[in-house]
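In: pasting the structure only:
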């Protein structure tokens, strides 16, 4: 049986992702509720890169023959969930923008009426 060695490429990618997310948080570009997801993803990447047998164990537990297939599936599900979350946020912001535009129009009309009196 061969000894599993850490995946240096995966480790570097996960560490760079962590550093990037932390920097976006520090600059106030990324909100905390979104950063948590990406920090969990990068932490998972670090764990899988340092301990590759975990991927094999998880694949066997899920009934998948190739650990990479399980990883691709999980990434696809993650991206789907992120897409749904972002669609929700966009919809919520569009509704809020519409409400604010309506309130602004009413205020402008009210100001115009006051100026006429």
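Out: Nice, I can see it. Everything numeric in this text was worked out from a predicted model, so none of it was measured.
In: can you give me the neighbour number for residue 35?
Out: 15 (other C-beta atoms under 10 Å). Backbone N, C-alpha and C define where each C-beta goes, glycine included.
In: and if you look at residue 42?
Out: Count around residue 42 with other C-beta under 10 Å applied: 20.
In: what is the mean pLDDT for stretch 18-37?
Out: For stretch 18-37, the mean pLDDT works out to 93.
In: relative to the whole chain's centre, how far out is the host helix or strand of residue 9?
Out: Using DSSP states H and E, residue 9 sits in helix 8-26. Between the centre of helix 8-26 and the centre of its chain there are 13 Å (C-alpha atoms, centre = their mean, to the nearest Å).
In: what packs against the longest helix along the chain?
Out: Secondary structure assigned by DSSP state H gives helix 67-116 as the longest helix of the chain. For helix 67-116, the packing partners by 3 or more C-beta pairs under 8 Å, 6 or more residues apart in numbering; DSSP states H and E come out as helix 32-50, helix 53-62.
In: let's have the ones you listed in a markdown table, adding distance to residue 15.
Out: Below are the helices and strands packed on helix 67-116 laid out as a markdown table (distance: least, C-beta to C-beta, whole Å):
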| stretch | distance to residue 15 |
| --- | --- |
| helix 32-50 | 7 |
| helix 53-62 | 18 |
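In: any idea which of those gets closest to residue 97?
Out: Closest of the helices and strands packed on helix 67-116 to residue 97 is helix 32-50, at 19.6 Å (criterion: C-beta to C-beta).
In: what about that closest one, distance to the chain center?
Out: 9 Å.
In: ok, stretch 34-52 next?
Out: On C-alpha atoms, centre = their mean, the centre of stretch 34-52 falls 12 Å from the chain's centre.
In: roughly how far apart are residue 87 and residue 66?
Out: 31 Å (C-beta to C-beta, to the nearest Å).
In: swap in residue 112?
Out: Noted for residue 112: a distance of 68 Å to residue 66, by C-beta to C-beta.
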